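# Next comes the sequence, and after it the predicted model I'd like to discuss.
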Amino acid sequence: MNDRTITDPRTAPRGPGTGAADPAFRARLDGFLTEHRALLDDPRWEDGTPPVPALLAAAGAAGLFRDAWAAGPADRPRALWRAVDLHAALARVGGGAPGAAVLTHLDVATRLLGALPGADRALVDGALAGRTTGALAATEPEHGSDLARLTTRVHRDGDRLAVTGGKWFISNAPFADHLLVLADDPDAATGRPGPALLLVPAGAPGVATTPLDALGHRGLTGQVRLDAAPVSAVLVPGGHGLLVLMRHWLHERVMLAVRMGELADAVLRHAVAAARQRHTFGVPLLGNQHVRFTLARLTAETEEVRAAARQGVRLLAEGSCPAAYAAACKHRAAAVLREVADEALQLAGGDGYRTGHPANRALRDALGLALAGGTDELMLQQIDRG
């Protein structure tokens, strides 16, 4: 099996509607990867103290976030495909963790904030410059992704709004300058009852953030405790918070599928090259037909995931991506990435069990990526609803 069988996303042709090739952006991206290779490969990405602020500042200074940001509706397709190029490139460096931080920064917190009419433009500009970052604080310890059962509450505290509760498994929370907090508003403090989306300064009194010692993407996620924390802005009033997030999740889930497809591709490339070099019983692993067929099947499934994700990007660019399709992309990508990483670890033998091995890291990270943007079960529920 040839290790170039797997398509390189940087040279792969794009079909109709995917936007024109963008060599200038790719050249800037290549230059960034070369210049900041030491930062991307920094061992802190694996030891629980990832240099997220340094990476975001460098990417912002290089203009990568602004390049992947739509200035208006007409610019949306080009910006989306630049984001795809960015996520594809970062999936292949630093064990994938730098890409997780960038996707959360650009395609979760910043893109959600920028889509809201009442958002502070200075916050968006700061995020695009890499000077500040935010975190979407939605899930909670008690109910996880069941956001219809929020225990975090917004309430009146004298002449101001405050929010009290706890959030759990929040990406980029340990590094956030501001939090986008989903909270219930039972007393219509924001204007009407129901879930509201609030802007809370991460350094304000009453806000405590603790990194989670997770299995993968160590140090990138955290838990947040809010104790009458001040609300600096009501981004979405009560009753509309979940509706806004449901629209946002279309984008997030497709981009997560893009990222998982590229991670699977990168792990497969490494597995094929390693299987060519590793010998068992006097012959290369690739001399075994079962090994070749396993890698061939996984290659086909990975290409399926990557193609489906890119179709999702085309639909996002057209403004016509169904919720069920976005969920299907993410669900399938998560399953394929887990299987690819597991098989790659098996092929590596004892070396694959070693911390730092690409398959080891990918398997741990794949479990977390299956949770991000909604669990597998939530994806199936969305697919079932259509």
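Noted; the coordinates are in hand.

# which ones are touching residue 365?
The neighbourhood of residue 365, defined by CB atoms under 8 Å, 6 or more residues apart in numbering, consists of 95-97, 100, 216-217, 263. Glycine gets a C-beta too; all of them are placed from N, C-alpha and C.

# secondary structure class for it?
Three-state assignment for residue 365 (DSSP: H, G, I helix; E, B strand; the rest coil): helix.

# so how far is residue 66 from it?
The spacing between residue 365 and residue 66, counted by CB to CB, to the nearest Å, is 28 Å.

# quick one on the thing from earlier: I'd like to know which of the contacts of residue 365 is nearest to residue 306.
If you rank those by distance to residue 306 using CB to CB, residue 263 comes first, at 10.5 Å.

# Tell me if I am right that the closest one is in a strand.
No - using three-state DSSP, the assignment for residue 263 is helix, not a strand.

# And it, how far from residue 61?
In this view, residue 263 and residue 61 are 26 Å apart by CB to CB.

# who has more neighbours, those two?
Between residue 263 and residue 61, counted using other CB atoms under 10 Å, the more crowded position is residue 263 (31 against 13).

# ok, the more buried one - contacts?
Counting by CB under 8 Å, 6+ apart, residue 263 has contacts 91, 96, 99, 337, 362, 365-366, 369.

# Among those, find the lowest-pLDDT one for me.
Comparing pLDDT over the contacts of residue 263, the lowest score belongs to residue 96 (79).

# can you count the residues close to that residue?
Residue 96 is flanked by 25 other residues according to other CB under 10 Å.

# Thought residue 360 was touching it, still the case?
No - between residue 96 and residue 360 there is no contact under CB atoms under 8 Å: 11.8 Å.

# Could you dump the contacts of residue 263 into a markdown table and include distance to residue 78 and secondary structure?
Written out in a markdown table, the entries for the contacts of residue 263 read as follows (distance: CB to CB, whole Å; DSSP: H, G, I helix; E, B strand; the rest coil):
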| residue | distance to residue 78 | secondary structure |
| --- | --- | --- |
| 91 | 21 | coil |
| 96 | 25 | helix |
| 99 | 21 | helix |
| 337 | 27 | helix |
| 362 | 30 | helix |
| 365 | 29 | helix |
| 366 | 30 | helix |
| 369 | 26 | helix |
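
# of the residues you listed, closest to residue 164?
Proximity of those to residue 164 (CB to CB) peaks at residue 369, which lies at 30.4 Å.

# Excluding chain neighbours, what is closest to the closest one?
Among residues not flanking residue 369 along the chain, residue 260 sits closest, at 5.6 Å (CB to CB, 6 or more residues apart in numbering).

# could you pull out the helices for the stretch 201-350 of the chain?
Listed in chain order, the helices of the stretch 201-350 of the chain (DSSP state H, counting those that start in this stretch) span residues 241-277, 289-318, 323-348.

# In a markdown table: those, plus distance to residue 116.
What follows is those, written out as a markdown table (distance: least, CB to CB, whole Å):
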| stretch | distance to residue 116 |
| --- | --- |
| helix 241-277 | 7 |
| helix 289-318 | 18 |
| helix 323-348 | 20 |
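
# and of those helices, who's closest to residue 185?
Each of the helices of the stretch 201-350 of the chain was checked against residue 185 via CB to CB, and the shortest separation belongs to helix 241-277, namely 8.4 Å.

# Now do the buried residues in the closest one.
By neighbour count, and taking 16 or more other CB atoms under 10 Å as the criterion, the buried residues in helix 241-277 are 241-242, 244-245, 248-272, 274-275.

# for stretch 310-330, same thing?
Residues of stretch 310-330 classed as buried under the neighbour-count rule (16+ other CB under 10 Å) are 310-317, 321, 323, 325-330.

# Now tell me what touches that stretch from outside.
For stretch 310-330, contacts defined as CB under 8 Å, 6+ apart pick out 14-15, 17-19, 76-77, 80-81, 84, 246, 249-251, 253-254, 256-258, 260, 305, 308-309, 373-374, 378-380, 382-383, 385-386.

# can you rerun that using 6 Å?
By CB atoms under 6 Å, 6 or more residues apart in numbering, the list of residues contacting stretch 310-330 from outside reads 17-18, 76-77, 80, 84, 250, 253-254, 256-257, 308-309, 379, 382-383, 386.

# Can you turn the buried part of the residues you listed into a ChimeraX selection?
Entered in ChimeraX, the line below selects the buried ones among these, by 16+ other CB under 10 Å:
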select :18,76,77,80,84,250,253,254,256,257,308,309,379,382,383
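
# Who does residue 208 form a beta bridge with?
In this entry, residue 208 is beta-bridged to residue 225, by DSSP bridges.

# What score does it have for pLDDT?
98.

# Residue 370 is in contact with residue 333, isn't it?
No - between residue 370 and residue 333 there is no contact under CB atoms under 6 Å: 9.1 Å.

# neighbour-wise, which of those two wins?
In terms of neighbours (other CB under 10 Å), residue 333 is the more surrounded of residue 370 and residue 333; the figures are 33 against 21.

# so what's that one up against?
When contacts are counted by CB under 6 Å, 6+ apart, residue 333 touches 257, 260-261, 305.

# Show me which of these is closest to residue 146.
The shortest gap between residue 146 and any of the contacts of residue 333 belongs to residue 257, at 22.4 Å (CB to CB).

# now residue 136, what's its secondary structure?
From three-state DSSP, the assignment for residue 136 is strand.

# Now it. Nearest residue, chain neighbours left out?
Of all residues beyond its chain neighbours, the one nearest residue 136 is residue 180 (4.9 Å), with distances taken as CB to CB, 6+ apart.

# contacting residues around the strand or helix carrying the one you found?
Secondary-structure assignment from DSSP states H and E places residue 180 in strand 178-185. Among residues not part of strand 178-185, those counted as contacts by CB under 6 Å, 6+ apart are 134-138, 150, 152-154, 163, 193, 195-202, 238, 241.
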